[in-house]
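Student: sequence unknown, structure follows:
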């Protein structure tokens, strides 16, 4: 980007040259983005609801950790809304997760309680953050939206 900024900083002889350069840069960036899209796996909608201590919880982070070699490295994620509901995202907001087997993990970070530059505490005390200790398997099959239902977590 520094290269492009330095080109634009120099006085070019005509505004049309500058416009042509900007257009070329935009087209190049768009072409790079399209190449990545072709590598995407199809996704399936995955949603659910989180309660903590019996109440809908706002801002709980939900992650899916793959246990399937076909989706190794994919990390679908979501954050609960004001009603405790969530929709998983892999590439674009709410698009779901690629077909495969996962374990769900959860964290509820309390950013207001974090000291400046310090670690952000998890109101769930880290009990739900490890995939190997997860009690929430998720199976995603092509063409079948997944409703994870209501997942009850506790702070105790």
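Tutor: Received, thanks. All of these numbers come straight from a predicted model, not from anything done at the bench.
Student: buried stuff in stretch 42-60?
Tutor: Residues of stretch 42-60 classed as buried: 43-44, 46-52, 56-57, 59-60 (neighbour count, 16 or more other C-beta atoms under 10 Å). (Each C-beta comes from the backbone N, C-alpha and C, glycine too.)
Student: from what I can see residue 48 touches residue 145, true?
Tutor: No - Residue 48 is beyond contact range of residue 145, at 11.2 Å (criterion: C-beta atoms under 8 Å).
Student: please, where are all the strands along this protein?
Tutor: Secondary structure of the chain by DSSP state E: the strands cover 43-44, 46-52, 55-56, 61-66, 77-79, 85-87, 97-98, 100-107, 137-140, 146-153.
Student: how about TSV for those, with mean pLDDT added?
Tutor: Shown next, in TSV, are the strands of the chain (pLDDT from 0 to 100):
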stretch	mean pLDDT
strand 43-44	96
strand 46-52	98
strand 55-56	96
strand 61-66	96
strand 77-79	97
strand 85-87	98
strand 97-98	96
strand 100-107	96
strand 137-140	96
strand 146-153	97
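Student: out of these, which one sits most buried?
Tutor: Of those, the one with the most neighbours on average (mean count of other C-beta atoms under 10 Å) is strand 97-98, at a mean of 24.
Student: just checking, what packs against that one?
Tutor: Strand 97-98 is packed against strand 43-44, strand 137-140, with contacts defined by 3 or more C-beta pairs under 8 Å, 6 or more residues apart in numbering; DSSP states H and E.
Student: ok now the longest one, how far from the chain's centre?
Tutor: When you say that, I think you mean strand 137-140. 17 Å (C-alpha atoms, centre = their mean, to the nearest Å).
Student: could you do stretch 129-145 as well?
Tutor: Worked out by C-alpha atoms, centre = their mean, stretch 129-145 lies 15 Å from the chain centre.
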